[in-house]
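S.K.: got a sequence here, can you model it:
(chains A, B, C and D, ligands or ions: 4)
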Amino acid sequence: MRQSGQPALATARPHRNRLLRRDVARPHRFGQAIGMARSIGTAVVSAPDGVPSAGAGPDAVTPRGMMPSIKRTKFKLSHQQLLEMYYWLKLIRAFDERLSTLVKQGKVRSGVYTGIGQEAIVVGTCFGLRKEDYVCPLHRDLGTFLMKGVTARAMMSQMFGKATGLSKGRDSALHSGVSELGIFGNTSMLGANLPVAAGLALTFKMEKTDNVVVAYFGEGASNVGDFHEALNFAGVQRLPVVFICENNQYAYSVPIEKSMAIEDVAVRAEGYGFDGVAINGNDVLAVYQATLGAVARARTGQGPTLVECKTYRWHGHSEHDKAFYRTDEELAIWKSRDPLTTFTSYLEGMNVLTGERLTEIETRVKSAIDDAVEFATNAPDPAPEDAVTDLYA
Amino acid sequence: MRQSGQPALATARPHRNRLLRRDVARPHRFGQAIGMARSIGTAVVSAPDGVPSAGAGPDAVTPRGMMPSIKRTKFKLSHQQLLEMYYWLKLIRAFDERLSTLVKQGKVRSGVYTGIGQEAIVVGTCFGLRKEDYVCPLHRDLGTFLMKGVTARAMMSQMFGKATGLSKGRDSALHSGVSELGIFGNTSMLGANLPVAAGLALTFKMEKTDNVVVAYFGEGASNVGDFHEALNFAGVQRLPVVFICENNQYAYSVPIEKSMAIEDVAVRAEGYGFDGVAINGNDVLAVYQATLGAVARARTGQGPTLVECKTYRWHGHSEHDKAFYRTDEELAIWKSRDPLTTFTSYLEGMNVLTGERLTEIETRVKSAIDDAVEFATNAPDPAPEDAVTDLYA
Amino acid sequence: MPRELSYLEAIREALVEEMRRDPKVFVLGEDVGAYGGAFGVTQGMHEEFGELRMIDMPISESAIVGVSIGAALRGYRPVAEMQFADFISCAFDQIVNQAATLRYRYGGRASVPIVVRAPSGGNVGGGLYHSQNPEAWFIHRPGLKVVAPSTAFDAKGLLKAAIRDDNPVIYFEHKYLYRRAKGPVPEGDEIVPIGVAATRREGTDITLLTYGAMVTPSLEAADRLANEDVEVEVIDLRTLMPFDKEAIFASVEKTSRALIVHEDVKTLGLGAELSAVLMEERFSSLDAPVMRLTYPDTHAPFSQVLEQANLPGANTITDALRRLAGY
Amino acid sequence: MPRELSYLEAIREALVEEMRRDPKVFVLGEDVGAYGGAFGVTQGMHEEFGELRMIDMPISESAIVGVSIGAALRGYRPVAEMQFADFISCAFDQIVNQAATLRYRYGGRASVPIVVRAPSGGNVGGGLYHSQNPEAWFIHRPGLKVVAPSTAFDAKGLLKAAIRDDNPVIYFEHKYLYRRAKGPVPEGDEIVPIGVAATRREGTDITLLTYGAMVTPSLEAADRLANEDVEVEVIDLRTLMPFDKEAIFASVEKTSRALIVHEDVKTLGLGAELSAVLMEERFSSLDAPVMRLTYPDTHAPFSQVLEQANLPGANTITDALRRLAGY
Ligand SMILES: Cc1ncc(C[n+]2csc(CCOP(=O)(O)OP(=O)(O)O)c2C)c(N)n1
Ligand SMILES: Cc1ncc(C[n+]2csc(CCOP(=O)(O)OP(=O)(O)O)c2C)c(N)n1
Ligand SMILES: [Mg+2]
Ligand SMILES: [Mg+2]
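M.R.: Ligands and ions are numbered 1, 2, ... in the order given. Here you go, the predicted model:
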């Protein structure tokens, strides 16, 4: 509910010039926090192995001028861990980029929805998770599979529709899961993963374990009925689940202002009785920190949190989408906020990332991807008979 | 989003004693506003025909201490109009009470969901509407049909399943509508009326008329996916629709605290980019005033409003429900807040309602209901052949 | 000698016994907790099993099923209740896309042992949205199983089988039978296996295939035909998907004539599939066309006059049997 | 001599012409505005008709249909787009309960002239949730009409008929045909009436009933059978509900044999109903059992190997025709 008697949107939402994107138009709000890439995480890791002080973390984007309600969770990351994070960012970027190439080469027939430009969200949210924790990714979150333990070979096979893929060729993309690794694989239906996430979290509550569920959705998917039903149930049962909104400003071609009359999906959390916070989704440490806080709450019975990560996808909706609905300028601005470049600079500035280590990591990444592609290329197709198996247990 | 770092519900929602209802337990909040029945509307109509001053209306319940954002709309009601309102309250109460009796007598086989105790909502919301405006009622809102112009005979026939009913016996209750009178009749599916309401409102926007749609739902129905999709669309298109939540504290047997982790459904409006306000739903003038404000906004292109009316149903969920899930004390408290009694006292105190007029109104009401029952009783059943007609146009 | 229970009590007994046996079984739905369900099916269970195994859900059918799927993935066996089968349309996507395809898309590495209980059927004055028989939609969708008991015995035994089945099972319980169908129900584990029909009456002249609330009027009609020297074999399908081809074929091979009776509408009701399968696989056994006697292709009206006009009953079944016998 | 258009262009032309003709027609769906739709069907239309007649909807399938119903009640003729037919499961309740029953519950005093466009079908590597053929669910539900054009000509003519029809019509447009089916399409009002099948090839020996993307391989198979001196009559149903009984019966009376081919799964696919109706009403005309060649009862896999294993094609249809001819 609003504070003043003014119609809430009268000033905020005249027919906005489609060329004038929000982040461009309002550098003083969202742009600021992520525009200043150099400031990323600087205050977070006070010394290479030090404990950052609470409240000194990277500025979360604070919609409507409110302070985010998630406590500035202290965290400590060793050089090793920071480099591991870096590795994941690199690996996931490389995986998506290779997929994009493979589509152009006609070698992958599957719909490919890259998360290029959004990697900080997957890495920041998954980095602190346990094996027992569950992730419920959506279409751009291929990295969650890798970070939770699925091999690049299996994922690449999945994209190729090979028998060695997670679904044995039954589907591609992320439409398969691995229960032992705590990965739920959704259908294509946006938002349909969220009630399932709530169900998984319900079992953790029943078992009185302190495991958590991390569930992902785009800002567009937050308009689906299932989103509402799931978050409401999670709220009323105070389930151990963290809802991660990847607000990349567009749902396919539709900019957020044409699909909802709010600026921050995070405000929706209030309607379900828990906290929502909007953060810089291109800052892997900010995402990590916010997730830590939300996960800590979930583990200690304090219920769900909605963490909205502001970000942007560099590619089209799918590899077949030319994305004419946005401007080059807009894309350029967001490319300047590349979560990878900024984290590279940060780690270099901290002397965590040396030339030697960079080479080492890049080699590891390249060979992992090369190996995966080779494996998937040579992997067998499923047998035709398998079109009708695995329907019933 | 919350203001503080505290878990939002840690204090507010321990497992609440089922006997300790919110309105009983917290007289300082909600109880206050409607507990003091004698204050109803006193300040609203400053003199019998006077113009009440803005800001002097009955206190809306102000959740979380915020001021409701709907401007205190000035209104002026003549004695005649006040008595008309009174008539409607009486008629709707009498209709439901007679239905209840008919069920007990085995004369009505239909599921009957009375709105006894909630009449102020229907009367307050419909009183200022035009013929061209649309209402989209739910199961307890039989009065909306009457106020929009359906005869008591037709409504009673509908409950009897007679050929003279709105649906010609195809269904009972409110599962039929009258387009010419601006009444949409929903299915049983709770919340399914709301996307339809948005569609009706969309046509008013397309036509640039200033007609509005008033759509109703219970607090329980606000957990359905359709609620979310409809309100979001209405928000983004700034449609001329007023969403009326009848928060009667229960969805069938389930108290609100077991179905949502919030106290005021009105807060959900924020997630859709428009204003929500919670008011005393047992005060017909408060409802009228809030609706006036919301309707005025809708008519002038300022988009939707959610008006949450706090109320209580006296009977069980249906006439077959013994309602053991609530206490006699709770019911007694709410009966003391009877929207009819309080309005009677108010009108008497203002010398608007004299003994003579009361008798006159009661006679009119009784004869309308008697006539309707007699008509419906003697009305023909539909012809068996009509089980398969009217399927296709 | 087992006690007599009503169909409704038999359902409750299955739930209670299964929940006692297996801590992974739990119930969720609207008003299923302290209130005991709209029809009283879960009455008293809240006291024994508490709030976390008898979960009162918000009005959110899609979430009711979605949450069940999530729990099932972690080894639970949720029994979800739709307050009326009609509202299953609100949970449709979670059932037909999420649950039905999960094992397939997981490459066989997971299963979804959920049960969706759906109080269906008419003849109770429920009108358009409290009388539906939505089984065909789910029979049509690969990956689901569908059952529809007609007796108290089967209500219990099939629910137990459904709960123990590793697949999503839609369990249609007929509202008309709740208190009207009564019969002997053994205590304990008398499982009625999914996929096996029951021959309710033996006969040599006509096979009558039916299920749910249509079994009783079918038997009544069969008795009448016996007076006319036509012996009707009445098969209660019990499981609608996968239906018991073997039993159906065996009977039709014997009788050479078949009538299908169901309360669902005609077009693409289960009868269509049964007829088509008999056509394809037992054409040469048929001395007459397989006939269907069903609800007409219309909605379920409230008015008793209209509803009775639509419902197949002993009279119309008798007529159909006579026509078929005389073919 | 009419120009050739693709199936997709024909759909667009129907939309454009209808919107020009009748200001009450408008389009709503995801990405249908400036972007022109996921498949480009509505490309260019936004410029002509603007934001309020080409409404970009939030991802809210239920609201897309619900809003359409509301607008239809006020005399509009909305054409709602599901981005893929698969997502129609998310709008299910609004279609089968809200739209399908409205006229009935209004006692005939209102109608719901909406069209739901649903890009359906496989053979495009779409996998489990981008390949479905969900027509049977809607054929089963009284109050709805269902069409499924197979040619550019029909795509246009049937869409026009659907828009002008006063009932809710589900319009299945096959994705595989969008750019592959091309043919002469007259400008202007060449309406293809709902409920009328088209005989695509005349024949005297076997009736082949099919629709959508199965028409072309069926014709190919029929040509092959002609080399074997079996003349197959290929009937493209075009309208699935109400299907053209008259045309079907007339053909089967002539041929005495029928094969049904569809891309939907077998169990309770439309073929079941066609077979059952032929059984009931033309039993004595049949020299052989009506047979079905369909997608097997499984989901639509992504792998080309798996998908091809499932899809009926000219080869499998030819085999089926041979079996039937030899019965
Ligand atoms: C229920 C449903 N409707 C439509 C689609 C088609 N679709 C796939 S992705 C997409 C856009 C999603 O936008 P968003 O949720 O913001 O995620 P993003 O792609 O931006 O990461 C759409 C419309 C779908 N998959 N599911
Ligand atoms: C989608 C759907 N689910 C369940 C029901 C069964 N049902 C009818 S009324 C009701 C309770 C409604 O509660 P609320 O919305 O608060 O309205 P109230 O009855 O309190 O006025 C329920 C569960 C229904 N009609 N529709
Ligand atoms: Mg997005
Ligand atoms: Mg309520």
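S.K.: and residue C:146, how many residues sit next to it?
M.R.: Neighbour count for residue C:146, taken as other CB atoms under 10 Å in any protein chain shown: 28. Bear in mind the C-beta positions are built from the backbone N, C-alpha and C, glycine included.
S.K.: could you give the secondary structure assignment for it?
M.R.: strand (DSSP: H, G, I helix; E, B strand; the rest coil).
S.K.: can you pull the contacts of it?
M.R.: C:135, C:138-139, C:169-170, C:172, C:239-241 (CB atoms under 8 Å, 6 or more residues apart in numbering or on different chains).
S.K.: what does residue C:239 give?
M.R.: Taking CB under 8 Å, 6+ apart as the test, what residue C:239 contacts is C:145-148, C:158, C:194-197.
S.K.: next one: residue C:198
M.R.: With CB under 8 Å, 6+ apart, residue C:198 has these contacts: C:154, C:235-236, C:238.
S.K.: among those residues, name the ones in strands.
M.R.: Counting by DSSP state E, the contacts of residue C:198 place C:235-236 in strands.
S.K.: how near is the residue of the stretch 51-200 of chain A found nearest ligand 1 to residue D:287?
M.R.: Closest residue of the stretch 51-200 of chain A to ligand 1, CB to the nearest ligand atom: residue A:190 (3.8 Å). According to CB to CB, to the nearest Å, residue A:190 and residue D:287 sit 51 Å apart.
S.K.: of these two, who's got more company?
M.R.: Using other CB under 10 Å, the more surrounded residue of residue A:190 and residue D:287 is residue A:190, with 24 against 9.
S.K.: so that one, which state does it fall into?
M.R.: For residue A:190, the assignment made with three-state DSSP gives coil.
S.K.: ok, and does the helix or strand harbouring residue C:308 reach over to chain B?
M.R.: Element membership for residue C:308 (DSSP states H and E) is helix C:304-310. Yes. Helix C:304-310 is in contact with chain B by CB under 8 Å from any CB of the partner chain, via C:304-310.
S.K.: return a ChimeraX selection command for the buried portion of those.
M.R.: Buried residues among these (16 or more other CB atoms under 10 Å in any protein chain shown), as a ChimeraX selection:
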select /C:305,306,307,309,310
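S.K.: as TSV, the residues of helix C:304-310 next to chain B with distance to residue B:157 would be great.
M.R.: Output for the residues of helix C:304-310 next to chain B, formatted as TSV (distance: CB to CB, whole Å):
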residue	distance to residue B:157
C:304	15
C:305	14
C:306	14
C:307	17
C:308	19
C:309	19
C:310	21
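S.K.: of the residues of helix C:304-310 next to chain B, which is the nearest to residue A:364?
M.R.: residue C:310 (69.4 Å; CB to CB).
S.K.: how near is the closest one to residue A:186?
M.R.: In terms of CB to CB, residue C:310 sits 40 Å off from residue A:186.
S.K.: could you point out which element follows the helix or strand in which residue C:46 is found?
M.R.: Of the helices and strands defined by DSSP H and E, residue C:46 is found in helix C:45-49. For helix C:45-49, the following helix or strand on the C-terminal side (DSSP H and E) is strand C:54-56.
S.K.: list the contacts of residue A:210.
M.R.: A:204, A:240, A:299-300.
S.K.: count the residues that sit near residue A:80.
M.R.: Using other CB under 10 Å, residue A:80 is surrounded by 10 other residues.
S.K.: which residues of the chain fall in strands?
M.R.: Using chain A. A:134-136, A:213-218, A:241-247, A:250-251, A:254-255, A:275-280, A:305-310.
S.K.: actually, chain C is the one I wanted.
M.R.: Under DSSP E, chain C gives strands at C:4-6, C:25-29, C:54-56, C:77-81, C:115-120, C:145-147, C:169-174, C:182-184, C:198-201, C:206-210, C:232-236, C:239-241, C:258-265, C:291-295.
S.K.: could the ones you listed go into CSV alongside mean pLDDT?
M.R.: Listed next are these as CSV, based on pLDDT from 0 to 100:
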stretch, mean pLDDT
strand C:4-6, 98
strand C:25-29, 99
strand C:54-56, 98
strand C:77-81, 99
strand C:115-120, 98
strand C:145-147, 99
strand C:169-174, 99
strand C:182-184, 98
strand C:198-201, 98
strand C:206-210, 99
strand C:232-236, 99
strand C:239-241, 98
strand C:258-265, 98
strand C:291-295, 98
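S.K.: if I look at the spatially closest residue to residue C:279 that is not a sequence neighbour, how far off is ligand 1?
M.R.: Closest residue in space to residue C:279, ignoring its immediate chain neighbours: residue D:289 at 4.7 Å, by CB to CB, 6 or more residues apart in numbering or on different chains. With distances taken as CB to the nearest ligand atom, to the nearest Å, residue D:289 is found 40 Å from ligand 1.
S.K.: right, and residue D:289 touches residue C:275 too?
M.R.: No. Using CB atoms under 8 Å, residue D:289 is not in contact with residue C:275, being 11.0 Å away.
S.K.: write out the residues of the stretch 51-200 of chain A neighbouring chain C.
M.R.: So the stretch 51-200 of chain A meets chain C at A:165-168, A:170-171, A:175-179, A:184-187, A:189, A:192, A:194-200 (CB under 8 Å from any CB).
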